[in-house]
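> what's the 3D shape of this:
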Amino acid sequence: MATNKSKIDPERFLAMLLQYSRDSHYNHINVSVRLNRNPAYTRQVMNIKLKRISKKFGNDERFYVSMTAEEATKFLSLINHLKEDMFANFAKKITWHTELLERTQQEFGYHQIRERDQYNNLEFELLL
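Numbering: from 1, shown residues only. Predicted coordinates for the structure are as follows:
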């Protein structure tokens, strides 16, 4: 059975995403999983956009990464696990502890933009 080397490490990916967002003063991480209907092939694609809304640093929106939803399954699973822990503890924000971050702890909010629909599309935001 072959292993797929292109799948990402979810903890490391989330840590890099949060570190880059914090260093570049982005305060919104928009994650969108949509069905890409290309005539040659049909697949689900996860896109991550970073958004900054700031008077001090100016407003900006930047495309961060795009990957197939299959490659991002573990990342989405990690976010879902963190979200479920937040709701189980009746907290308003997710607090994530890891040694991969410089500060070892990151607190961020979760905002659902679009629930899963019949095409399995999903969109949410992490608020830093």
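> alpha carbons of the host helix or strand of Arg62, as CSV, please.
For Arg62, the element it lies in under DSSP states H and E is strand 60-68. Extracted C-alpha coordinates of strand 60-68, given in CSV (Å, rounded to 0.1, in the frame of the first residue of the first chain):
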residue,chain,number,x,y,z
ASP,A,60,-4.8,44.0,2.9
GLU,A,61,-6.0,40.7,1.6
ARG,A,62,-3.6,38.0,0.5
PHE,A,63,-4.0,34.6,-1.0
TYR,A,64,-1.9,32.2,1.2
VAL,A,65,-2.3,28.6,-0.2
SER,A,66,-4.4,26.3,-2.3
MET,A,67,-4.5,22.5,-2.0
THR,A,68,-6.9,19.7,-2.6
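> what pairs with it, and is each one parallel or antiparallel?
strand 42-52 (antiparallel) (DSSP bridges).
> how far does the partner strand sit from its chain's centre?
Chain-centre distance of strand 42-52: 9 Å, with CA atoms, centre = their mean, to the nearest Å.
> just the buried residues of that strand, please?
Of the residues in strand 42-52, 44-50, 52 count as buried by neighbour count, 16 or more other CB atoms under 10 Å. No exception for glycine: its C-beta is placed from N, CA and C like everyone else's.
> can you list contacts of the longest helix seen in the chain?
In the chain, with assignment by DSSP state H, the single longest helix is helix 73-88. By CB atoms under 8 Å, 6 or more residues apart in numbering, the residues outside helix 73-88 that reach it are 7-11, 13-14, 31, 33, 46, 69, 92-94, 96, 110, 124, 126.
> and if we set it to 6 Å?
Residues outside helix 73-88 that contact it (CB atoms under 6 Å, 6 or more residues apart in numbering) are 10, 13, 94, 110.
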